[in-house]
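S.K.: Predicted structure and sequence below. I'll ask about it afterward.
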Amino acid sequence: MNALASAKLVFALRTAAAALLAAYAAFTINLPQAATSMMTVFIVSQPLAGMVLSKSLFRIVGTVVGASVAVLFAGLFAQTPELMVGAASLWIGACVAVSVLMRDAPSAYGALLSGYTVAIIAFPNVDAPQAVFLAALDRGAEICVGIVAATVLSQTLFPQTAADALKRATGAAVGAVMAFAADTLRGRPDRTQAMRDRRAMVSAVLKLDGLRVHAAFDDAGVRLSNRRLRLLHGRLMNLLALVVSIHDRMEILREQYPDKVEALAPLLAQAADALAPRPDAEALAAA
């Protein structure tokens, strides 16, 4: 079994164990919806510990804010259910708008969750506003049980940190850009393979920023170096654009001025050899 298959198996077993633990805890403390605790485990579980921490944090924040707003609306509009529904709808719309503005930031998940938590708690109890407070407590407890189970097991049962994944991904992205640049200078006769390599290179660079955000939750070094890492990834994006631009121009040169490219071939080959990823760099990226 290779490393990737082993990591997937560990993640599946860890998630299943966390879901069973959450269900057991929910039944033990007599929560009304143990299934909510189990579903929370499946929602927040991620292969990397930092991803679990970031998603769990903003799920708790979103649940607490949403539950508090639902209780507030129930108190303000207990005698006017129409206003309660209208206020809850406006809140949900505002939360969706905020989450869209935040886009892929982890905090966007908290904004979105605070909106639909109000819907889950308030709408079923429009005609019984006195039950909203108890529903909010139950919902919060069910979510917290699932989050605690998922977070504890992700940190203790064969944890895989986002910081380590960020280190490997950064090395792989740099290697992919260097390899693409070297192949461009040597010549890319297979255009289909060149497009595949370009897509893989772009994907490798683009995923770095998301990993950096999650890695800050499980590694103090990443948090302290956050500004430098952002600068590094920004420069990698600039390098990516430059390499793609050079590739396109080299293809035009080879089509329109093959004799000039032939004359430059020794110099291009020398530059390609300097850019090609070294075995020790590849080993470091895989470590």
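M.R.: Looks like it came in fine. For clarity, every value in this text was computed on a predicted model and none was experimentally measured.

S.K.: Would you mind confirming that residue 29 is in contact with residue 142?
M.R.: No: judged on C-beta atoms under 8 Å, residue 29 makes no contact with residue 142 at a distance of 9.9 Å. In short, each C-beta sits where N, CA and C put it, glycine included.

S.K.: higher neighbour count, those two?
M.R.: residue 142 (25 against 12; other C-beta atoms under 10 Å).

S.K.: what residues are up against that one?
M.R.: 26, 31, 32, 33, 34, 36, 37, 40 (C-beta atoms under 8 Å, 6 or more residues apart in numbering).

S.K.: any idea how far it is from residue 23?
M.R.: Residue 142 sits 11 Å away from residue 23, going by C-beta to C-beta, to the nearest Å.

S.K.: shared neighbours of these two, which are they?
M.R.: 34, 37.

S.K.: re the thing from before, among the contacts of residue 142, name the buried ones.
M.R.: 26, 31, 34, 36, 37, 40 (16 or more other C-beta atoms under 10 Å).

S.K.: and of the residues you listed, the nearest to residue 228?
M.R.: Set against residue 228, the nearest of the buried ones among the contacts of residue 142 by C-beta to C-beta is residue 40 (35.0 Å).

S.K.: can you count the residues close to residue 249?
M.R.: Residue 249, neighbours per other C-beta under 10 Å, totals 11.

S.K.: List the buried residues of the one helix or strand it maps to.
M.R.: Using DSSP states H and E, residue 249 sits in helix 226-256. The neighbour-count check on helix 226-256 (16+ other C-beta under 10 Å) flags 229, 233, 236, 239, 240, 243, 244, 247, 250 as buried.

S.K.: how about low-confidence regions in the stretch 151-287 of the chain?
M.R.: For the stretch 151-287 of the chain, the stretches with pLDDT under 70 are 189, 277-287.

S.K.: whoops, I mixed them up, the stretch 1-150 of the chain
M.R.: Those would be 1-4, 104-105, if you go by pLDDT under 70 across the stretch 1-150 of the chain.

S.K.: So which residue is smack in the middle of the chain?
M.R.: In the chain, the C-alpha nearest the mean C-alpha coordinate belongs to residue 210, at 5.4 Å (C-alpha atoms, centre = their mean).

S.K.: Show me what the one helix or strand it maps to is packed against.
M.R.: Here residue 210 sits within helix 191-215, counting by DSSP H and E. For helix 191-215, the packing partners by 3 or more C-beta pairs under 8 Å, 6 or more residues apart in numbering; DSSP states H and E come out as helix 49-76, helix 162-186, helix 226-256.
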